[in-house]
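# Provided below for reference: sequence and predicted model.
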Amino acid sequence: MSSHERRLSQRVRFEHPMPAQMMAIDGTWRRECTIDDVSEEGAKLTVGSSIEGLHLKEFFLLLSSTGLAYRRCKLTWVNGDQIGVTFFRRGKAAARAARGEIMV
């Protein structure tokens, strides 16, 4: 089974990769990257500099220059300067609160 067949949701491939940044949860490091494709579950990124030695169990993918749009991620695979990331899902209570169904 190819990796494409294992994907649970359809990916959107960008004609021109979208610029973004990876940032440590505690803010101790940042790396420039581009988003090559994205799905509901994750994305494929091209990283501009070395990721060796970085803690990639959990980090932020910053989607805007101000940092107001982001996703929490974890590293799934590495192939040269390209990496695959999986997005963490928000808890059910947080998702309902975001939709205005409950007060937090």
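Looks like it came in fine.

# contact partners for Met18?
34-35, 63 (C-beta atoms under 8 Å, 6 or more residues apart in numbering). Glycine gets a C-beta too; all of them are placed from N, C-alpha and C.

# got any ranges where the protein has weak pLDDT?
1-8, 91-104 (pLDDT under 70).

# follow-up on the earlier one: quick one: which of the contacts of Met18 is nearest Glu52?
Thr34 (19.1 Å; C-beta to C-beta).

# find the nearest non-adjacent residue to the closest one, please.
Pro17 (3.6 Å; C-beta to C-beta, 6 or more residues apart in numbering).

# kindly list the longest strand within this structure.
Scanning the chain for the longest strand, with DSSP state E as the assignment, gives strand 12-24.

# partners of that one in the sheet?
Taking DSSP bridges as the criterion, strand 12-24 pairs within the sheet with strand 30-38 (antiparallel), strand 59-62 (antiparallel).

# how near is the residue nearest to Thr34 to Phe60?
18 Å (C-beta to C-beta, to the nearest Å).

# deepest-packed of the strands paired with strand 12-24, please.
strand 59-62 (a mean of 20; mean count of other C-beta atoms under 10 Å).

# could you give the separation of that strand from the chain centroid?
Centroid separation for strand 59-62 versus its chain: 6 Å, with C-alpha atoms, centre = their mean, to the nearest Å.

# which outside residues touch that strand?
20-25, 33, 35, 43, 45, 69-74, 85.

# just the buried ones from those residues, in PyMOL syntax?
Selection of the buried residues among those in PyMOL, burial being defined by 16 or more other C-beta atoms under 10 Å:
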select buried, resi 20+21+22+23+33+35+43+45+71+73+85
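
# fine, thanks again, bye for now.
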